[in-house]
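**Q** Need the 3D shape of this:
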Amino acid sequence: MKDPTTYEIYYDEEADFLELYFGEPSECNTKEIEEGIFVRRDKRTNEIKSIEIIAFKKRGSLILPRILSQMNMKFPLKINI
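**A** Numbering: from 1, shown residues only. Next up, the predicted model:
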């Protein structure tokens, strides 16, 4: 996957839900890769468009780097919530 040029971060503190968006929005398919962790991929190109993590804070600080590593992705920022 090529590195996207735009990123968006959404966190809902009450729901403890984190979503990272990569690149421009597009029509996607969603797959739950493990319980409470979803990856959305562009229907046409199969590029990852977002990663959604339920119970983000509860899972601890290592969850995001682990998921990004599994997806062969890097994120230019560290997220502390």
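**Q** what sits against F56?
**A** By CB atoms under 8 Å, 6 or more residues apart in numbering, the contact set of F56 is 11, 16-18, 63-64, 81. Backbone N, C-alpha and C define where each C-beta goes, glycine included.
**Q** Filter those down to the buried ones.
**A** 17-18, 63-64 (16 or more other CB atoms under 10 Å).
**Q** So which residues of the chain form strands?
**A** 7-12, 17-22, 28-34, 37-42, 48-54 (DSSP state E).
**Q** Let me know whether R59 touches P65 as I believe.
**A** No. Contact between R59 and P65 fails when scored by CB atoms under 8 Å: they sit 11.5 Å apart.
**Q** Compare these two (neighbour count), which wins?
**A** For the pair R59 and P65, the greater number of neighbours falls to R59 (17 against 13), based on other CB atoms under 10 Å.
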